[in-house]
Every structure is written in C-alpha cells, then in structure tokens.
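J.: Quick one: sequence plus predicted model below, questions after.
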Amino acid sequence: MTSYLRTWISSVPSLSLASSLPGAQPAPNVIEVPPPEEHDGDHAASLRGDDEDVHVDDFPPTFPSLNSAQRAGSSKETTRPAIPRILTDSELMPPPPLPGLASRRPGTSSVSSASSSSLLFPSGTSSLAVPPSTLKPPNKKATKKVALAPGHGPLDWATLWANLKKSGKDLRGVDALSRMSVLKQHNKRDDAWSAFNGKVYNITPYLPYHAGGEKELMRVASRDGSKLFALTHGWVNIDYILDECLVGFLVPDS
Ligand code: HEM
C-alpha cells in the first residue's frame, strides 16, 4: 500500500516539479500508517471497559442483523473507483467556522481529549453528560435471523402492535402506577418487567412484536435496560411504543 502511494505521489507532475524548484521544501516523507484495528473481535470486551457501572450483559447485538431487510441491497459489489484527480485550491471546500461559545454544552468533555469509552459511559453524574450511545460500526459477525412468533410477521409487527395497543386490552397488568425498587421477580417470559430511563414497563405483551426477537429483549427482563437499549438502538421511541405497558417509576436501590 505504502509503495503504491509512493509511486503515485512521485508520478504527479506538480509535486515533483515543486520539489525541484530552488528554495522549495523537500518532498514530505510518506508516513507509515498502521492498518485500522478490526472491531469485530471481542466487541463485548471493548465496550465493557473498566467501568464498574456496566452490566456484564450490556454489550449490544449486531444491528441490524446481517440478513435483515435493512441490509438487503446495500451489500452489492461495487466497482473500484478510479484514482481521484488532485483538486486545485479554488475547488477545495472552505474550512468549517470555528465553534462559538453558544455551541458548548456544560458537563460534556471535548471529543478530542475524551476516550471513546468515557464518551460511551460518562463517569460524571451530570444530567447534561453525553448519554450512552453507539458510534461503532455494526459487528460483522453473522447472527441468526430473528424469527418472530407465528402471526407476527417481520413486515407488519409494528402495525400489529399498534393495533393491540389501541384494542383497549389491559397490557399493564397493574391497577395503578407506582414507585418501585424491586424488578427482580418479574423475570419470566410470561411475566417480564424492565426499566428504561426511570420508567418501569411490563414488556411481556411486547415480546412477540420485538423486531430484534424475544431472546434479545429478555436480556433486560427484571433489570434496568437503559444502557443496553441505548447502545443497541437509542433512536427507537420506547416511550411511544410501550406507553400502554407503563407500570411505574423506578426508585433506585439505596
Ligand atoms: C423494550 C425495549 C425495546 C424496544 C421498544 C425495542 C424496539 C425495537 C424496534 C422498534 C426495533 C426496529 C428498529 C428498526 O428497524 O430500526 C428493534 C430492533 C432490534 N432490537 Fe429492540 N427494542 C427494545 C429492546 C431491545 C434490547 C434490550 C435489545 C438487545 C439487547 C434489542 C435488540 C434489537 C435488535 C438486535 C434489533 C434489530 C433487528 C434487526 O433488524 O435485525 N432491543 N427493537
């Protein structure tokens, strides 16, 4: 790769001419850059880090699954692009404006000085700290295709779930919302509760409708699943999807 770059750079007429002019700067050395590390090794270990706050099971699954509809069509072979032409100064994009004070957010550290693990799991308690999320590319390892329960087809799960919510059927299984600290006893497929962002939901009726499958969703049964949820698909509107399943508000164990 490096030797390829060397031959390419020296064959560019403007560069070789510039370096031969009197008083010109010598041609810059080609710096050897090690290839980027593969992320599809122990993805779980890299996410776990040393943070004690991270649940042992809080490593996100492949999203979306390799064989899911989202990926279909995006895996086509592409032809190798031709070597790009070197742009002149006037063709280059201008640099972005310097960030002003208004764009600064208290409680967050600068991206350049923070390690990726501190961004994922901020140690501060500030509510303005960066929430856990994932910037990592999906794991390339193949995963099993998630088969939804009979009658819960992959294309219409959201519609079916919306219909069930509108049906007026009792999805909570409790008479009134309450503050609770104990989730542990609701840990079975026919009685599973989980907490997300301080709210406790009965996830039992949603299990067959979850696009990622029942098994993945059961990983957060009887515990606070906020972190794993955020690392998997934080953009999913959990409050909207599970509003009919809200059973209470989480009181942290003191
Ligand atoms: C109650 C909480 C959860 C809700 C409401 C929820 C909802 C959803 C929704 C709406 C999707 C489809 C998203 C899309 O297509 O862009 C999805 C996909 C998925 N979810 Fe969840 N989810 C929850 C918890 C979890 C947890 C805890 C995990 C794993 C630990 C998980 C794993 C997945 C995976 C792997 C997919 C992708 C399926 C695929 O397309 O290959 N989910 N979930």
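T.: Received, thanks.
J.: And the contacts of stretch 162-170?
T.: Outside stretch 162-170, the residues that touch it by C-beta atoms under 8 Å, 6 or more residues apart in numbering are Leu171, Pro205, Tyr209, Asp243, Glu244. Where C-beta positions appear, they are placed from N, C-alpha and C, glycine not excepted.
J.: mind listing which of those are in helices?
T.: Using DSSP state H to define helices, no part of the contacts of stretch 162-170 is located there.
J.: for the residues you listed, which one is nearest Ala221?
T.: For the contacts of stretch 162-170, the closest approach to Ala221 (C-beta to C-beta) belongs to Pro205, at 13.1 Å.
J.: Show me the shaky parts of the stretch 151-254 of the chain.
T.: Along the stretch 151-254 of the chain, the parts satisfying pLDDT under 70 run over 151-155, 181, 252-254.
J.: which residues in it form strands?
T.: For the stretch 151-254 of the chain, the strands defined by DSSP state E, counting those that start in this stretch occupy 178-180, 187-188, 191-196, 199-202, 246-250.
J.: List the contacts of the first one.
T.: Residues lying outside strand 178-180 but in contact with it, judged by C-beta under 8 Å, 6+ apart, are Val200, Val247, Gly248, Phe249, Leu250, Val251.
J.: and the gap between the closest residue in space to the first one that isn't next to it in sequence and the ligand?
T.: Once its chain neighbours are removed from consideration, Val200 has its nearest residue in Gly248; the separation is 4.6 Å (C-beta to C-beta, 6 or more residues apart in numbering). In this structure, Gly248 and the ligand are 15 Å apart, going by C-beta to the nearest ligand atom, to the nearest Å.
J.: same thing with Ile238?
T.: Distance from Ile238 to the ligand, by C-beta to the nearest ligand atom: 5 Å.
J.: just Asn163 next, same as before
T.: Distance of Asn163 to the ligand, given as C-beta to the nearest ligand atom: 15 Å.
J.: With Pro64 instead?
T.: Per C-beta to the nearest ligand atom, Pro64 is found 3 Å from the ligand.
J.: phi, psi of that residue?
T.: phi -70, psi 170 (degrees, to the nearest 10).
J.: ok, how many other residues are close to it?
T.: Residues lying near Pro64 (other C-beta atoms under 10 Å) number 17.
J.: Over to Asp224?
T.: With other C-beta under 10 Å as criterion, Asp224 counts 19.
J.: Equivalent analysis for Lys166, please.
T.: Neighbours of Lys166 using other C-beta under 10 Å come to 9.
J.: before we move on, what about Ala176?
T.: 7.
J.: what's it sitting at in phi/psi?
T.: Torsion angles, degrees, to the nearest 10, at Ala176: phi -140, psi 150.
J.: wait, what's in contact with the residue in the stretch 101-250 of the chain that the ligand sits nearest to?
T.: Closest approach between the stretch 101-250 of the chain and the ligand, counting by C-beta to the nearest ligand atom: Gly212, at 2.3 Å. Listed by C-beta under 8 Å, 6+ apart, the contact partners of Gly212 are Pro61, Phe63, Ser65, Val146, Thr232.
J.: Return the closest of those residues with respect to Ile86.
T.: Phe63 (38.3 Å).
J.: what about that closest one, which SS state?
T.: Assigned by DSSP: H, G, I helix; E, B strand; the rest coil, the conformation of Phe63 is coil.
J.: wait, it sits on His233?
T.: Yes: look at Phe63 against His233 with C-beta atoms under 8 Å: they come within range, at 6.0 Å.
J.: Would you point out the most distant pair within the contacts of stretch 162-170?
T.: Once C-beta to C-beta is applied, those give Tyr209 and Asp243 as the farthest pair, at 14.1 Å.
J.: Tell me which of those two has more neighbours.
T.: Taking other C-beta under 10 Å, Tyr209 and Asp243 do not tie; Tyr209 has more neighbours (21 against 13).
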